[in-house]
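Chemist: Have a look at this prediction, sequence included:
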Amino acid sequence: MPVLVITGTGTEVGKTITTAAVAAAALAAGRTVAVLKPAQTGLRPDERGDADEVARLAGAVTTAELARYPEPLAPGTAARRAGMTPVRPHEVAEAAQKLATEHDLVLVEGAGGLLVRFDEEGGTLADAARLLNAPVLVVASAGLGTLNTTELTARELRSQSLDLLGVVIGSWPTTPDLASRCNVADLPEVAGAPLLGALPEGAGTLAPADFRAAAPSWVAPGLDGVWDAEVFRGREAPPSRNGGVS
């Protein structure tokens, strides 16, 4: 798996912090890692972007960003409004392939969800994943509403004959509600793919050394970690209606 594409079921689901955790786990396993952010929106040229945040938390990763647009919009819209050249899926694929010649693992972090448009032709992260023949990791939220967006993303990946590696919960609440606890069992079912991790709420606020030490415990062995889905599911299982554990 020289290239892994990471997308979310939407915005603010913990995609960047999950990318950092996957990077940190890979580094801890002795792999060299590069992080590619095809399009960064909503930041000035002098501000730190998502790839920089991954490097801050994960450590010695190579970072690359293909384009940056000032307004916090979908990349295609932001490029058009700024009068700037959009990023094309083939450019994303070419950049990732180049990084893959020099690194064991390249993480391509998208913007928002899978079908957010890069350009006026409707190019998306899914198109880049297809050109790369790369698996896709989906980052989902924990609570109410996540089953719908996760299943829609999974169905779209399959409709495009893309490989869904699995799902990671981008922010597991300190005090999970009933919906979140039920979703631990339901997410892999609706996705048709395994649950490969769960990051604790606030993981991105940890000191980098603490983040790096803990990251392998948040992701499964398939992502160079030690997280166990069955143990997590058993621990977080909701009580049954009669007061027991379901």
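Modeler: Arrived safely.
Chemist: All the helices of this protein, residue numbers only.
Modeler: Remark: helices assigned in the chain by DSSP state H are 15-28, 50-58, 75-82, 89-100, 125-132, 146-159, 178-191, 208-214, 229-236.
Chemist: Just say which of those is most tucked in.
Modeler: Burial of the helices of the chain is given as mean neighbour count (mean count of other C-beta atoms under 10 Å); helix 15-28 ranks first at a mean of 27. (Each C-beta comes from the backbone N, C-alpha and C, glycine too.)
Chemist: quick revisit: closest to Ala220 out of the helices of the chain?
Modeler: helix 229-236 (6.5 Å; C-beta to C-beta).
Chemist: Show me how far the closest one is from its chain's centre.
Modeler: 21 Å (C-alpha atoms, centre = their mean, to the nearest Å).
Chemist: where does the nearest residue to Ala191 once chain neighbours are set aside land on pLDDT?
Modeler: Ranked by C-beta to C-beta, 6 or more residues apart in numbering and with sequence neighbours excluded, the top spatial neighbour of Ala191 is Ala154, at 4.4 Å. Ala154 is assigned a predicted lDDT (pLDDT) of 98.
Chemist: OK, contacts around Ala154?
Modeler: Val138, Leu164, Val190, Ala191, Gly192, Ala193 (C-beta atoms under 8 Å, 6 or more residues apart in numbering).
Chemist: Pro2: which of the helices of the chain is closest?
Modeler: Closest among the helices of the chain, once you apply C-beta to C-beta, is helix 89-100, at 4.4 Å.
Chemist: Show residues contacting that closest one.
Modeler: 2-3, 34, 36, 38, 62, 64, 66, 106, 108, 118, 123-125, 127-128, 131-132, 134.
Chemist: any idea how far that helix is from the chain center?
Modeler: Remark: helix 89-100 is offset 18 Å from the chain centroid, using C-alpha atoms, centre = their mean.
Chemist: How about stretch 94-114?
Modeler: Worked out by C-alpha atoms, centre = their mean, stretch 94-114 lies 12 Å from the chain centre.
Chemist: Stretch 109-125 too?
Modeler: Centre to centre, stretch against its chain (C-alpha atoms, centre = their mean), the figure for stretch 109-125 is 14 Å.
Chemist: May I have that stretch as CSV, with CA atoms only?
Modeler: Taking Å, rounded to 0.1, in the frame of the first residue of the first chain, the C-alpha atoms of stretch 109-125 are listed here in CSV:
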residue,chain,number,x,y,z
GLU,A,109,-5.6,13.9,2.3
GLY,A,110,-8.6,15.3,0.5
ALA,A,111,-10.7,18.4,1.2
GLY,A,112,-14.1,17.7,2.8
GLY,A,113,-15.9,14.6,1.3
LEU,A,114,-15.1,12.3,-1.6
LEU,A,115,-17.0,14.2,-4.3
VAL,A,116,-15.9,17.7,-3.5
ARG,A,117,-14.9,19.2,-6.8
PHE,A,118,-11.3,20.2,-7.7
ASP,A,119,-12.0,21.9,-11.0
GLU,A,120,-14.7,23.0,-13.4
GLU,A,121,-14.8,19.6,-15.1
GLY,A,122,-15.9,18.0,-11.9
GLY,A,123,-12.7,16.2,-11.0
THR,A,124,-12.7,14.8,-7.5
LEU,A,125,-10.5,12.9,-5.0
